[in-house]
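> Pasting the sequence and the predicted coordinates here, then a few questions.
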Amino acid sequence: MDIAEFRSITMTVIRESGIADYIPTLILPAEGVVMALEGIPSDISHEDAARQWIRENGYESMEYFLAYKVSDEEIYLEHRKDNLLIGTAVIDSNLKLDA
């Protein structure tokens, strides 16, 4: 998987459900695991919640793909491996891409 494939998967989810209810999603490709983070308090940003989730579960040194809502208009996506940022993308509410 690469950032383009992850972006495509994320866009499919957004087309079906919209951005408003999007919750942070993490894919661990080596394990074949897809997880979503639910129950984020309204006073915590999705980015902060996602980063804490990754740290607390020891995922930061693994390869992962992460998507989270930046605002009601944008979803941010990233691909990391061995703590290095490999690729990023942004999907806006019109499903336009900024890679």
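Cool, the structure landed.

> Helices of this protein, start to end?
With DSSP state H as the criterion, the chain has helices at 3-17, 46-56.

> Let me see the mean pLDDT of the longest one.
Same thing as helix 3-17. The pLDDT scores in helix 3-17 average 91.

> Adding distance to V70, write the helices of the chain out as a markdown table.
Just so you know, the C-beta spots here come from the backbone N, C-alpha and C atoms, and that holds for glycine as well. Compiled in a markdown table, the helices of the chain are given as follows (distance: least, C-beta to C-beta, whole Å):
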| stretch | distance to V70 |
| --- | --- |
| helix 3-17 | 13 |
| helix 46-56 | 7 |
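
> could those helices go into CSV alongside distance to S93 and mean neighbour count?
Below are those laid out as CSV (distance: least, C-beta to C-beta, whole Å; neighbours: other C-beta atoms under 10 Å):
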stretch, distance to S93, mean neighbour count
helix 3-17, 9, 15
helix 46-56, 15, 15
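
> Nearest to G87, out of those?
Between G87 and the helices of the chain, the shortest separation by C-beta to C-beta is 3.5 Å, and it involves helix 3-17.

> Just give me the residue right at the centre of this structure.
What sits nearest the mean C-alpha location of the chain, by C-alpha atoms, centre = their mean, is A67, with 0.9 Å.

> ok, that one touching T25?
Yes: counting by C-beta atoms under 8 Å, A67 sits close enough to T25 to count as a contact (4.8 Å).

> Return every residue with contacts to both of those two.
Common neighbours of A67 and T25, using C-beta atoms under 8 Å, 6 or more residues apart in numbering, are T10.

> can you map out the strands along the protein?
Chain-ordered strands for the chain, with DSSP state E as the definition, fall at 25-28, 33-36, 64-71, 74-81, 84-92, 97-98.

> May I see the buried residues of stretch 72-91?
Within stretch 72-91, the residues that count as buried by 16 or more other C-beta atoms under 10 Å are E74, I75, Y76, L77, E78, H79, R80, G87, A89, I91.
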